[in-house]
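Novice: Test case, fold it:
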Amino acid sequence: MSNTGLHAGFYGEIRDFAELVDSVIADMSVGTADSINRQKLAERLNQMTGPGSRSLLLRYLGPGPTGARQNWANLADALQENPTPVWVPERLENLARLLDGGRSAALERLHGVDFR
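Specialist: This next block holds a predicted model:
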């Protein structure tokens, strides 16, 4: 696969994941407790961070804080709790910013600009 195809694929994956995170943030802001999107996000986080996972998305987003996999797994668990822990919205916002940065980097690489 060409570099262009690789970056385009990652850009699409990051965009889809970011849209899911944004929809959960929006659902939580209006008080939707049992959101299908919350369940989808929790499942996606668990798939990415589960034992033996070799998630390319996690690798592409670059190094995160120590224990990033565990932090994301904890977020997945918290999304399924009722009531939702008070720290979840802030963590979702942080994840959204991380994804936005990854999406921007993928778009730059797709267009042949790499500032790293």
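Novice: Where does the prediction get shaky in this structure?
Specialist: 1-7, 33-34, 50-56, 58-70, 113-116 (pLDDT under 70).
Novice: And the strands in it, which stretches?
Specialist: Assigned strands in the chain: none (criterion: DSSP state E).
Novice: Report how many residues lie close to Gln80.
Specialist: 13 (other CB atoms under 10 Å). Every C-beta, even on glycine, is put in place using the N, C-alpha and C of the backbone.
Novice: Check the burial of the residue nearest to it when sequence neighbours are not counted by counting its neighbours.
Specialist: Nearest residue to Gln80 in three dimensions, chain neighbours excluded: Ala42, at 5.3 Å (CB to CB, 6 or more residues apart in numbering). Using other CB under 10 Å, the number of residues around Ala42 comes to 19.
Novice: doesn't Thr84 make contact with Ala42?
Specialist: No: contact criterion CB atoms under 8 Å: Ala42 and Thr84 do not qualify, at 11.2 Å.
Novice: Take stretch 85-101, keep the C-alpha atoms, and write them as PDB.
Specialist: Backbone C-alpha positions of stretch 85-101 (Å, rounded to 0.1, in the frame of the first residue of the first chain) are rendered in PDB as follows:
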ATOM      1  CA  PRO A  85     -18.100   9.200  37.100                       C
ATOM      2  CA  VAL A  86     -17.600  13.000  37.100                       C
ATOM      3  CA  TRP A  87     -14.100  12.800  35.500                       C
ATOM      4  CA  VAL A  88     -15.400  11.200  32.300                       C
ATOM      5  CA  PRO A  89     -16.300  14.300  30.300                       C
ATOM      6  CA  GLU A  90     -12.900  15.800  30.800                       C
ATOM      7  CA  ARG A  91     -11.200  12.600  29.700                       C
ATOM      8  CA  LEU A  92     -13.400  12.500  26.700                       C
ATOM      9  CA  GLU A  93     -12.400  16.100  25.800                       C
ATOM     10  CA  ASN A  94      -8.800  15.100  26.200                       C
ATOM     11  CA  LEU A  95      -9.300  12.100  23.900                       C
ATOM     12  CA  ALA A  96     -11.100  14.300  21.400                       C
ATOM     13  CA  ARG A  97      -8.100  16.700  21.300                       C
ATOM     14  CA  LEU A  98      -5.700  13.900  20.900                       C
ATOM     15  CA  LEU A  99      -7.700  12.500  18.000                       C
ATOM     16  CA  ASP A 100      -8.000  16.000  16.400                       C
ATOM     17  CA  GLY A 101      -4.200  16.300  16.500                       C
END
